[in-house]
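Asker: Structure, please.
(2 chains)
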There are 2 protein chains.
Amino acid sequence: MLNGPLLLTIAVLGGTGKEGKGLAYRWARAGYRVLIGSRSSEKAVTAASEIMQLLEGSSSVVGTTNLNAAQQADIVVVAVPYSAHRDTLESIKTALKGKLLVDVTVPLIPPKVSKVQMPPAGSAAQEAQEIVGADAEVVAAFQNVSYEYLLGEEEVDCDVLVTGTSKKARAEALTLVEATGLTGWDAGPIENSVVVEGLTSVLININKQYGSTHAGIRITNVPKPSAD
Amino acid sequence: MLNGPLLLTIAVLGGTGKEGKGLAYRWARAGYRVLIGSRSSEKAVTAASEIMQLLEGSSSVVGTTNLNAAQQADIVVVAVPYSAHRDTLESIKTALKGKLLVDVTVPLIPPKVSKVQMPPAGSAAQEAQEIVGADAEVVAAFQNVSYEYLLGEEEVDCDVLVTGTSKKARAEALTLVEATGLTGWDAGPIENSVVVEGLTSVLININKQYGSTHAGIRITNVPKPSAD
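Answerer: Now for the predicted structure:
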């Protein structure tokens, strides 16, 4: 596990929110160097020290601005609310050349969050691709996971569907999924992101109709992908 | 189980294909009167008698033309290949007034069937809604099930997501799902059909990447909906 990950740095932009914090925690625990990015570096430093406390100081988590974090990282994860999606990407796109961009954003438009409402690009991930251009590969992942689970230790009963601009990019993202302890699946080209992102609205609707709070999905009838 | 269903007639248009045949078999077994529709009434009669043989004659399955079937039915199910979707609906829309239309169609466009490619309406179900107008309620369901399973007796490890034009229409469709022995979920408004239909391309991609043949999905962390 630690052969390789230790060499890589992951920037989690919007890492002060619960989604980003949960992912940052899991990756730091797996041996990655993690940078928490935020518009306010003060908030990012606070979030980083909270995660370090959870990990009892044995890992490397540092807080800084979104742009600084993106510049220093090998892999950049966008975990901001959809309302900040475009601005965040515009502000860091010069730092993305040759890097993998992991988009965790769900384009929910309140108040109808249980209705699928995609941006003109087709999905948040395709919008990201339009903004950052051909310099970075873009993948979509983690949209369907209840992030509360990521800060706990119990098994998360939800798979992660990974779409992206190339098979290589999806494979890299699947390594990151595995590092969180979840099961990931190659869900195909970036055009399939509408399914992965839209599924979140479907799960919200199921929670509303059946009184649940953390509906998730599992892929069935396929042997779980192995680590190699 | 038989109190109610026996009074209802379901037309399965495209019921000579394996998808439609599997559904027709399950519904006939549950006590519904089933009409197999096809462009050729001869083929429909053959398919109906095949299903009657599987059921050892204890149920009512009759083959006829698509239009005849739709006219005589309370519920109309469209299980045709996407290439025949529009023409089939145009040819029967006068028979749909006040009925429930269940659209099973997945808008796959060969050869890239593992890539989500929705029609301009947003999904096949929304296209159906545009064609049939306000006279019929439209739901989308069963897109993710491997239909081979429906003609067998083993448990199908795949849930059914149901989207539709109203909560009442989705509830009616969920009764039909339950009659097949599968677990259905209210997946929200008709706009969410892109997720349900697109998920089929994601599952096809997973089959291609992981060497499986019948990838499916299950909803997790929600108590299964009960029969009442």
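
Asker: what are the ranges of the helices in chain A?
Answerer: A:18-29, A:41-54, A:66-72, A:85-92, A:124-132, A:167-180, A:193-210 (DSSP state H).

Asker: Distance-wise, check residue A:127 relative to residue B:20.
Answerer: 38 Å (Cβ to Cβ, to the nearest Å). Any C-beta I mention is one placed from the backbone N, CA and C, and that applies to glycine too.

Asker: And the two? Which one has more around it.
Answerer: residue B:20 (26 against 23; other Cβ atoms under 10 Å in any protein chain shown).

Asker: so who does the more buried one touch?
Answerer: B:12, B:13, B:14, B:36, B:47, B:77, B:79, B:80, B:104 (Cβ atoms under 8 Å, 6 or more residues apart in numbering or on different chains).

Asker: try 6 Å this time
Answerer: Residue B:20 sits next to B:12, B:14, B:79 when contact means Cβ atoms under 6 Å, 6 or more residues apart in numbering or on different chains.

Asker: same question, residue A:201
Answerer: A:114, A:116.

Asker: mind showing which ranges of chain A have poor pLDDT?
Answerer: By pLDDT under 70, the weakly predicted segments of chain A are A:1-6, A:226-228.

Asker: which parts of it sit against chain B?
Answerer: Chain A comes close to chain B at residues A:114-116, A:157, A:185-189, A:191-192, A:194-195, A:198-199, A:202, A:205-206, A:209-210, A:212, A:214-222, as judged by Cβ under 6 Å from any Cβ of the partner chain.

Asker: are any of those buried, and which?
Answerer: A:114-116, A:157, A:185-189, A:191-192, A:194-195, A:198-199, A:202, A:205-206, A:209, A:212, A:214-222 (16 or more other Cβ atoms under 10 Å in any protein chain shown).

Asker: Relative to residue A:14, how far out is the residue positioned nearest the centre of chain A?
Answerer: Per Cα atoms, centre = their mean, the C-alpha nearest to the average position across chain A is that of residue A:104, at 3.7 Å. With distances taken as Cβ to Cβ, residue A:104 is found 8 Å from residue A:14.

Asker: what's the answer for residue A:164, then?
Answerer: 19 Å.

Asker: The two: who's more crowded?
Answerer: residue A:164 (30 against 25).

Asker: if I pick the residue nearest to the more buried one when sequence neighbours are not counted, what's in contact with it?
Answerer: Of all residues not flanking residue A:164 in the chain, residue A:139 sits nearest, at 3.4 Å (Cβ to Cβ, 6 or more residues apart in numbering or on different chains). Contact analysis of residue A:139 by Cβ under 6 Å, 6+ apart lists A:102, A:162, A:164, A:169, A:170, A:173.

Asker: List just the nearest of the residues you listed to residue A:86.
Answerer: residue A:102 (16.8 Å; Cβ to Cβ).

Asker: Need the nearest residue in space to that closest one, chain neighbours excluded.
Answerer: residue A:77 (4.4 Å).

Asker: close enough to count as contact, that neighbour and residue A:101?
Answerer: No: using Cβ atoms under 6 Å, residue A:77 is not in contact with residue A:101, being 7.9 Å away.

Asker: Is residue A:80 in contact with residue A:12, as I believe?
Answerer: No: contact criterion Cβ under 6 Å: residue A:80 and residue A:12 do not qualify, at 10.0 Å.

Asker: Between these two, tell me which one has more neighbours.
Answerer: Neighbour comparison, residue A:80 and residue A:12: the larger count goes to residue A:12, with 36 against 26 (by other Cβ under 10 Å).

Asker: Please name the bridge partners of that one.
Answerer: residue A:36, residue A:77 (DSSP bridges).

Asker: residues touching it, list them.
Answerer: A:20, A:23, A:24, A:36, A:77, A:79.

Asker: How many residues are close by the fourth one?
Answerer: Spelled out, it's residue A:36. 32.

Asker: correct me, but residue A:209 touches residue B:186?
Answerer: Yes: using Cβ under 6 Å, residue A:209 is in contact with residue B:186, at 4.6 Å.

Asker: Could you check how far the residue nearest to residue A:102 is from chain B?
Answerer: According to Cβ to the nearest Cβ, to the nearest Å, residue A:77 and chain B sit 22 Å apart.

Asker: before we move on, back to that, now for residue A:104 and residue A:14: what residues contact both?
Answerer: residue A:79.

Asker: Tell me the one of the contacts of residue A:139 nearest residue A:122?
Answerer: Using Cβ to Cβ, the contacts of residue A:139 come closest to residue A:122 at residue A:164, 13.9 Å.

Asker: Show me what the closest one is bridged to.
Answerer: residue A:139, residue A:189.

Asker: Just list whatever residues bridge to residue A:65.
Answerer: Applying DSSP bridges, one finds that residue A:65 bridges with residue A:38.

Asker: just checking, it touches residue A:43?
Answerer: No: taking contacts as Cβ under 6 Å, residue A:65 lies outside contact range of residue A:43: 10.2 Å.

Asker: Comparing the two, which residue is more hemmed in?
Answerer: residue A:65 (19 against 15).

Asker: what about that one, distance to residue A:37?
Answerer: 6 Å.

Asker: for stretch A:35-48, how far is the first residue from the last?
Answerer: Using Cα to Cα, to the nearest Å, one end of stretch A:35-48 lies 8 Å from the other.

Asker: Could you list everything the closest residue to residue A:217 other than its chain neighbours pairs with in the sheet?
Answerer: In this structure, residue A:217 finds its nearest non-sequential neighbour in residue B:217, 5.3 Å apart by Cβ to Cβ, 6+ apart. Assessed by DSSP bridges, residue B:217 has beta-bridge partners residue A:219.

Asker: Determine the number of other residues adjacent to the nearest residue to residue A:105 once chain neighbours are set aside.
Answerer: Nearest residue to residue A:105, sequence neighbours excluded (Cβ to Cβ, 6+ apart): residue A:124, at 4.4 Å. Residue A:124 has 28 neighbouring residues, counting by other Cβ under 10 Å.

Asker: Residue A:124 contacts residue A:104, correct?
Answerer: No: using Cβ under 6 Å, residue A:124 is not in contact with residue A:104, being 9.0 Å away.

Asker: joint contacts of the two?
Answerer: Common neighbours of residue A:124 and residue A:104 (Cβ under 6 Å, 6+ apart) do not exist.

Asker: State the distance from residue A:148 to residue B:91.
Answerer: 51 Å.

Asker: out of these two, which sits in the more crowded spot?
Answerer: Neighbour count, other Cβ under 10 Å: between residue A:148 and residue B:91, residue B:91 has more, with 16 against 13.

Asker: I'd like the distance between the more buried one and chain A.
Answerer: 30 Å.

Asker: gap between that residue and residue A:97?
Answerer: Taking Cβ to Cβ, one finds residue B:91 at 55 Å from residue A:97.
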